[in-house]
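Q: just the structure for this:
(one chain, ligands or ions: 1)
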Amino acid sequence: MTESPTRTTKAIVAAAPGGPEVLQLQDVDIPVPGTGQLLVKVAAAGVNFIETYERSGTYKVPFPYTPGSEAAGTVAALGEGVTGVAVGDRVAFSEGSGTYAEYALVRAEAALPVPEGISDEVAAAMPLQGMTAHYLVNSTFKVQAGQTVLTHAGAGGVGLILTQLIKAKGARVITTVSSDEKEALARAAGAAEVLRYEGFAEKVRELTKGTGVDVVYDGVGKDTFDGSLASLRKRGMMVLFGGASGQVPPFDVQRLNAGGSLFLTRPKLADHLLTSEERRWRSGELFDAVLAGKLNIRIGASYPLADAARAHADLQARRTTGKLLLIP
Ligand code: NDP
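A: Numbering: from 1, shown residues only. Down below sits the predicted model:
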């Protein structure tokens, strides 16, 4: 380690699984970077849906628990063996740990250099939802010009970026949202058709003259899964990537046969950031698009770090749009 801060610092800590109220601001020791790690002074931390699954106990994590894998900030100290990064460098990342804090750790190879012209807020808002949207449209199912795509939660963090990336490829986006305000945002991002959830599968059939869509990107899960399958064309691809409304129950594979030789996949970001090259490819294209004015990363709300519980409550109650940030 090249620098060793010794004072205590602030972090959000949950003592046990539970509702948003378990997220409490506490004094903690500044983390010490291990071999190959960076200590980062957090300028802004990203809030993501996965942290609600972890906090509530749906996904198992050890407690006491400091949520957060995403942030942007400056390198404060280097662990053993780190090369190519210096104290003071600006970095952003989606694969850190304990980012709901003033200081967090990340493996050096997972730290993305932040280009000049990108603010700390956008740098913190882009990596997780941006690289997710990037792998969904470039790797899970390669969207082509002329195709029709259904995405859900079109004004959400992933949804707004996904819509812009699909539109940029020359494909048509049909999306779902729950309110007029969200509809306006989804349209501004490039959605051609914006539906409410009720009866969406029938409306998708009408909008595609009975054919169905080429691919569905579904991060809502339990409430939309059946309708999503029913919206696909023959040999279409169902991409289930989340469960904002709850997890999808066990699945009978014969439904793929009955639905018209459908494909089903359940991808996650970690499997699409396997090497430094892959990370730099995805993040580089996204940062370049932001700098060129071709991609807008909407920050729907920024909360003081101490208000992490309010951020989780708002996210789970569908009161949010775009990205939520915590500012230490
Ligand atoms: P969002 O900003 O999209 O927030 C979730 C949205 O889902 C809400 O705003 C709401 O939009 C919609 N929604 C529909 N039903 C419900 C419900 N019952 N409760 C709460 N929300 C509901 O979140 P993110 O962009 O952070 O994440 C979207 C999804 O993507 C999540 O499921 C997340 O886990 C997943 N994800 C998966 C990744 C992967 O690699 N597999 C990586 C990143 C995210 P509306 O009001 O318009 O319906």
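Q: do a quick rundown of the strands in the stretch 51-200 of the chain.
A: For the stretch 51-200 of the chain, strands defined by DSSP state E, counting those that start in this stretch occupy the ranges 71-78, 90-93, 103-107, 112-113, 148-151, 172-176, 193-195.
Q: the fifth one pairs with which strands?
A: Listed by DSSP bridges, the sheet partners of strand 148-151 and their directions read strand 172-176 (parallel), strand 213-218 (parallel).
Q: the ones you listed: which one's closest to P17?
A: strand 213-218 (25.8 Å; CB to CB). All C-beta spots, glycine's among them, are computed from the backbone N, C-alpha and C.
Q: anything in that closest one near the ligand?
A: No. Using CB under 6 Å from any ligand atom, strand 213-218 stays clear of the ligand, coming no nearer than 8.8 Å.
Q: ok now that strand, how far from the chain's centre?
A: Centroid separation for strand 213-218 versus its chain: 18 Å, with CA atoms, centre = their mean, to the nearest Å.
Q: what comes into contact with that strand?
A: With contacts defined as CB atoms under 8 Å, 6 or more residues apart in numbering, strand 213-218 is touched by 136, 141, 143, 147-152, 162, 171, 174, 204, 224-225, 228-229, 231-233, 236-242.
Q: returning to that earlier point: how about the strands paired with strand 148-151, which one is nearest T321?
A: strand 172-176 (12.8 Å).
Q: can you confirm whether the closest one lies near the ligand?
A: No. Strand 172-176 is not in contact with the ligand by CB under 6 Å from any ligand atom; minimum separation 6.7 Å.
Q: outside of that strand, which residues touch it?
A: Contacts for strand 172-176 (CB under 8 Å, 6+ apart): 147-154, 159, 163, 166-167, 186, 190-197, 200, 204, 207, 213, 220, 224.
Q: how does it look with 6 Å?
A: By CB atoms under 6 Å, 6 or more residues apart in numbering, the list of residues contacting strand 172-176 from outside reads 148-152, 154, 163, 166-167, 186, 191-195, 197, 200, 204.
Q: with stretch 141-154 instead?
A: 137, 159, 162-163, 166, 169-177, 186, 191, 204, 208, 213-218, 220, 224, 231, 237.
Q: start and end of it, how far apart?
A: Taking CA to CA, to the nearest Å, stretch 141-154 runs 18 Å from one end to the other.
Q: chain center to that stretch, what's the gap?
A: Relative to its chain's centre, stretch 141-154 lies at 17 Å (CA atoms, centre = their mean).
Q: so for it, what's the average pLDDT?
A: For stretch 141-154, mean pLDDT is 98.
Q: so is that stretch next to the ligand?
A: Yes. Applying CB under 6 Å from any ligand atom, one finds stretch 141-154 in contact with the ligand at A153.
Q: and V32, which of the strands paired with strand 148-151 is closest to it?
A: strand 213-218 (39.6 Å).
Q: need the next SSE after the closest one, C-terminal direction.
A: Per DSSP states H and E, the first helix or strand lying C-terminal to strand 213-218 is helix 225-230.
Q: buried sites along stretch 69-76?
A: Across stretch 69-76, burial judged by 16 or more other CB atoms under 10 Å covers 69-73, 75-76.
Q: from those residues, pick the one nearest Q26.
A: A71 (18.0 Å).
Q: now do the contacts for the closest one.
A: Counting by CB under 6 Å, 6+ apart, A71 makes contact with 42, 45, 99, 104, 124.
Q: which parts of the stretch 201-328 of the chain are helices?
A: 225-230, 254-258, 276-291, 308-316 (DSSP state H, counting those that start in this stretch).
Q: with mean neighbour count, mean pLDDT and distance to the ligand added, can I get these in TSV?
A: As requested, the helices of the stretch 201-328 of the chain are exported to TSV (neighbours: other CB atoms under 10 Å; pLDDT from 0 to 100; distance: least, CB to the nearest ligand atom, whole Å):
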stretch	mean neighbour count	mean pLDDT	distance to the ligand
helix 225-230	21	98	12
helix 254-258	11	98	20
helix 276-291	17	97	12
helix 308-316	21	98	6
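Q: for the closest residue to A289 other than its chain neighbours, give me the pLDDT.
A: Using CB to CB, 6 or more residues apart in numbering and skipping residues adjacent in sequence, the residue nearest A289 is L295, 3.7 Å away. Model confidence at L295, expressed as pLDDT, equals 98.
Q: let me know the closest of the buried residues of stretch 69-76 to A301.
A: Distance to A301 across these (CB to CB) is lowest for E70, with 15.3 Å.
Q: any idea what the closest residue to that closest one other than its chain neighbours is bridged to?
A: Nearest residue to E70, sequence neighbours excluded (CB to CB, 6+ apart): G46, at 3.4 Å. On the basis of DSSP bridges, G46 is bridged to L325.
Q: what's near enough to touch G46?
A: 70, 124-125, 128 are the contacts of G46 under CB under 6 Å, 6+ apart.
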